[in-house]
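J.: what's the 3D shape of this:
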Amino acid sequence: MAKHFRRNFRRPTREEDKHRINERIRVPEVRLVGENVEQGVYSIDKAKAIAAEQGLDLIEIVPNSKPPVCRVLDYSKFKYEQKKKQKELKAKQQKTVIKEIRFGPNTDDHDFNFKLKHAENFLKEGSKVKAFVHFHGRQIVFKEKGYELLFKFLEELEEIGKAEAPPKLEGKRLTVILAPKSSKN
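T.: Residues are numbered from 1 along each chain as shown. Model (predicted):
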């Protein structure tokens, strides 16, 4: 006996589905806005006639208001402007980058200074720095050395970065996160 499975198949939403245009608008009256149009509340037939007269489309911009707001505009131009706005917004978003620097509890001065220089560069670039001391096996007995190391690290970088929180022990890792100081301060 064959089993039939029902599939929840939804048609993917296309760009055309996001805004209703021309004949898809099904309300008795709309608020009309746009260039070369006298703003106001019109019946849907009158609004469509005004759009057709100009050779443009009637696009529903704000469907939830009473009456819905429609605009007289070329639909392809409208879609292009929307994509352009989305791109600009995406470009303005800042992504926080966290760079990691790893120490051992017995890190000597040369290695410490080498990693300190890297941390300085990361903070100057605007990235956050996550510094941690990783304890292997029974090295956890020397956690005071780890705290000393991280406090020395924070002290050296206090001019260009500040700790978000004091060093915290999580399992076998002693961790601190530094954020770059803003240039306004």
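J.: show me the contacts for the most centrally placed residue in the chain.
T.: In the chain, the C-alpha nearest the mean C-alpha coordinate belongs to residue 93, at 5.6 Å (C-alpha atoms, centre = their mean). By C-beta atoms under 8 Å, 6 or more residues apart in numbering, residue 93 lies in contact with nothing. Placement of C-beta: from N, CA and C, glycine included.
J.: mind checking pLDDT for it?
T.: Per-residue confidence (pLDDT) for residue 93: 78.
J.: where's it relative to residue 167, distance?
T.: 31 Å (C-beta to C-beta, to the nearest Å).
J.: would you map the strands across the chain?
T.: 29-34, 40-43, 57-62, 69-73, 98-103, 128-134, 161-163, 168-170, 173-180 (DSSP state E).
J.: so residue 120 makes contact with residue 160?
T.: Yes: proximity of residue 120 to residue 160 meets the contact threshold set by C-beta atoms under 8 Å, at 6.4 Å.
J.: pLDDT at residue 153, what is it?
T.: Per-residue pLDDT puts residue 153 at 92.
J.: so what's it closest to, chain neighbours aside?
T.: Excluding its sequence neighbours, the residue lying closest to residue 153 (C-beta to C-beta, 6 or more residues apart in numbering) is residue 131, at 5.6 Å.
J.: that neighbour: what's it in contact with?
T.: If you count contacts by C-beta under 8 Å, 6+ apart, residue 131 has them with 100, 101, 102, 103, 119, 150, 153, 175, 176, 177, 178.
J.: distance to residue 22 and neighbour count added to these, as a markdown table?
T.: As requested, the contacts of residue 131 are exported to a markdown table (distance: C-beta to C-beta, whole Å; neighbours: other C-beta atoms under 10 Å):
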| residue | distance to residue 22 | neighbour count |
| --- | --- | --- |
| 100 | 55 | 12 |
| 101 | 59 | 15 |
| 102 | 61 | 12 |
| 103 | 66 | 19 |
| 119 | 59 | 21 |
| 150 | 65 | 21 |
| 153 | 64 | 25 |
| 175 | 59 | 18 |
| 176 | 60 | 20 |
| 177 | 54 | 17 |
| 178 | 57 | 25 |
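J.: just name the shakiest helix or strand of this structure by mean pLDDT.
T.: One helix or strand of the chain scores below all others by mean pLDDT, DSSP states H and E: helix 15-18, with a mean of 59.
J.: circling back: next, the residue nearest to the centre of the chain: phi, psi?
T.: Per-residue torsions, residue 93: phi -70, psi 140 (degrees, to the nearest 10).
J.: could you chop this protein up by domain?
T.: 15-90, 98-180 (automatic domain parsing).
J.: distance of residue 29 relative to residue 71?
T.: With C-beta to C-beta as the criterion, residue 29 and residue 71 are 15 Å apart.
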